[in-house]
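**Q** Mind looking at a prediction? Sequence and model below.
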Amino acid sequence: MHLLKVFANRRMFTVFILGFSSGLPLMLTGGGSTMQAWLKDGNVDLATIGRFSLVGLPYALKFLWAPFLDSFAAPGFAKFGRRRGWAFLSQLCLIASLAALSMTNPATGLVAFTAVAVAVAFFSASQDIVLDALRTEIIHDDEVGPGGSLYTTGYRAAMLVSGAVALAASKVFSWQIIYLAMAAIQTIGIAMVFWTAEPKTAPKKYVSFKDRVLDPFAEFFKRPSAMEILAFVMLYKLPTLMATALTTVFLLDLGFDRTEIAAVAKFAGLVATIVGTLAGGALMVKTGLRSALWIFGVLQALGGGLFIVLAQLGKNYVAMTSVVIADNFLLGMGTAAIVGFMMSVCSKQFTGTQFALLSSLTAFTRVILIAPAGALAKAMGWSGFFVFSITLAAPGLLLLLRFKEWTKPMPASSGAAKLSKLDLFVMASFLLSLIVISTDFVWPKIGLPDIGLWVGAAGLGTSLLGWGAKALRRT
């Protein structure tokens, strides 16, 4: 009865629709499958299609302008409140840019098409900043598990609409009509924001550039365990992301054809992820956040290890279906836990900026840390590779031993304004490293050496050394 009460309330429905609104544009821009299909139909060459992943850069760099959305009122929309005002403005701009994109054609005007696609990505990333903050602030502390799972479920459902459904519809309708229809569907987000009350969190009185731009980051990095939290967010889902990074290639190697892989690994796997996310949210109500992180962290690692069994069995359709569904179900449970954790550690005063920072780190893991997957699988063989992926759960779980320290309230005397030079050094090194790594694949495409990963890794190492020095000072 308590579980039903937690899920069946207005806040949870709001969170689900906000997740849908955030997830819908993802497949429609950047490296999304729907945009790739449109580019392919427009006879755009493969190399150019590959470079279109650059259009998605705003998603990785959204923490750069998040402080402005946290501190300023939206021009012309201030009467709706800080969060709802920016939500209205970003959604209106997103809908307009999607409609504008529907009026372009990559076959005849690639430059205009690219420019509008970048605008779609920018307004979509801006919407994410605001809606992440809005849903974090409207739900209660004991609802972070269900709230995070329902938001993720809405996000995944929207990806199904703008991905699989849009691709199927392209056999009947033109891409221009499909994108215009997606712009119309996006209005569901505006309706939900209009229906939602502005959170009661009072905005801080800002008086300087530091207050507006630096304090959201400073408040986070001032915490004694800030770098531990950031490392945990990056590492928690590493084992399952590594194990599933080459799923399609692995299944093709076993002899499955593309139709079988599409039916199971794509559609059934997505449904299993959604169900697992909901189940994870429900279990978190019973177990609490800390226990859920432990349980789901172990289970998601073992889920990736199920591919070891499949590697031994070879081409077995029943085994393949069972493994893919089970792995995606457990992946969904882990997603519910980490989203709930991220919501719990964000300051209510700076939710937009801090959640943008944390979500950028999850993208960092998905894109950068699993980059060696192909080389590792080639060197170890499939079974060895999947065993190795299980061991990657250890760093995140060991960090989880520090959970109680992460959730301690900040002392009243440690305000964000009193950052030491060492605090500023750690913060600046970390943020600049994220920027460099996020733009790593830009350098070779503009004729410069591929130095992004090396420079970014050096910056991350430097920030970790600074954090270590800070920890030694405390002792």
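**A** Cool, the structure landed.
**Q** which residues of the stretch 101-250 of the chain score low on pLDDT?
**A** 201-212 (pLDDT under 70).
**Q** Surely Thr248 touches Ile261?
**A** Yes - taking Cβ atoms under 8 Å as the definition, Thr248 is a contact partner of Ile261 at 5.9 Å. C-beta: built from backbone N, CA, C; applies to glycine.
**Q** out of those two, which sits in the more crowded spot?
**A** When Thr248 and Ile261 are compared for neighbours, Ile261 comes out ahead with 19 against 15, by other Cβ atoms under 10 Å.
**Q** what about the residue nearest to the more buried one when sequence neighbours are not counted, helix or strand, and which?
**A** Leaving out its chain neighbours, the residue that sits closest to Ile261 by Cβ to Cβ, 6 or more residues apart in numbering is Leu251, at 5.1 Å. Element membership of Leu251 [criterion: DSSP states H and E] is helix 247-254.
**Q** Can you pull out the residues in contact with that helix?
**A** Contacts to helix 247-254, defined as Cβ atoms under 8 Å, 6 or more residues apart in numbering, come from residues 258, 260-261, 265, 307, 310-311, 314-315, 320, 324, 374, 377, 382.
**Q** Can I get it in PDB, CA atoms only?
**A** C-alpha atoms of helix 247-254 as PDB (Å, rounded to 0.1, in the frame of the first residue of the first chain):
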ATOM      1  CA  THR A 247      26.900  -6.300 -27.900                       C
ATOM      2  CA  THR A 248      26.000  -6.100 -31.600                       C
ATOM      3  CA  VAL A 249      29.500  -7.100 -32.700                       C
ATOM      4  CA  PHE A 250      29.500 -10.000 -30.200                       C
ATOM      5  CA  LEU A 251      26.200 -11.300 -31.300                       C
ATOM      6  CA  LEU A 252      27.200 -11.100 -35.000                       C
ATOM      7  CA  ASP A 253      30.400 -13.100 -34.200                       C
ATOM      8  CA  LEU A 254      28.200 -15.800 -32.700                       C
END
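**Q** Can you spell out which helices and strands pack onto the helix or strand just after that helix?
**A** Tracing the chain past helix 247-254, the next element assigned as helix or strand by DSSP H and E is helix 258-261. Packed against helix 258-261, as judged by 3 or more Cβ pairs under 8 Å, 6 or more residues apart in numbering; DSSP states H and E, are the following elements: helix 247-254.
**Q** Mind listing what's buried along the helix or strand encompassing Ser433?
**A** Using DSSP H and E, the element containing Ser433 is helix 421-438. Of the residues in helix 421-438, those with enough neighbours to count as buried (16 or more other Cβ atoms under 10 Å) are 423, 425-438.
**Q** sorry, back to before: how close does the residue nearest to Ile261 get to Pro224?
**A** The gap separating Leu251 from Pro224 is 45 Å, by Cβ to Cβ, to the nearest Å.
**Q** Could you verify my assumption that Gly189 touches Leu18?
**A** Yes - the pair Gly189 and Leu18 passes the contact test of Cβ under 8 Å, sitting 7.0 Å apart.
**Q** Among these two, which residue is more densely surrounded?
**A** Using other Cβ under 10 Å, the more surrounded residue of Gly189 and Leu18 is Leu18, with 29 against 26.
**Q** For that one, which residues are in contact?
**A** Per Cβ under 8 Å, 6+ apart, neighbours of Leu18: Leu131, Leu134, Arg135, Tyr151, Gly154, Gly189, Met192, Val193.
**Q** out of these, which is most surrounded?
**A** Per-residue neighbour counts (other Cβ under 10 Å) across those peak at Tyr151, which has 31 neighbours.
**Q** and the gap between that residue and Thr136?
**A** Using Cβ to Cβ, Tyr151 is found at 9 Å from Thr136.
**Q** of Leu251 and Pro224, who's got more company?
**A** Taking neighbours as other Cβ under 10 Å, Leu251 and Pro224 compare with Leu251 leading, 22 against 16.
**Q** where are the low-confidence patches of the stretch 301-450 of the chain?
**A** 363-364, 366-369, 371, 408-419, 437-450.
**Q** just so I have it, where are all the strands in the protein?
**A** Read by DSSP state E, the chain holds no strands at all.
**Q** So it: which segments form each domain?
**A** 1-200, 220-403, 420-475 (automatic domain parsing).
**Q** burial count for the closest residue to Thr287 other than its chain neighbours?
**A** Nearest residue to Thr287 in three dimensions, chain neighbours excluded: Ile295, at 6.7 Å (Cβ to Cβ, 6+ apart). Under the neighbour criterion other Cβ under 10 Å, Ile295 is assigned a count of 17.
**Q** Let me see the contact set for Thr136.
**A** Taking Cβ under 8 Å, 6+ apart as the test, what Thr136 contacts is Met343, Cys346, Lys348, Thr351, Phe355.
**Q** Pro216: which of those is nearest?
**A** Here the nearest of these to Pro216, counting by Cβ to Cβ, is Thr351; it sits at 9.0 Å.
**Q** so the closest one makes contact with Ser71?
**A** No - Thr351 lies out of contact with Ser71 (Cβ under 8 Å); the separation is 11.9 Å.
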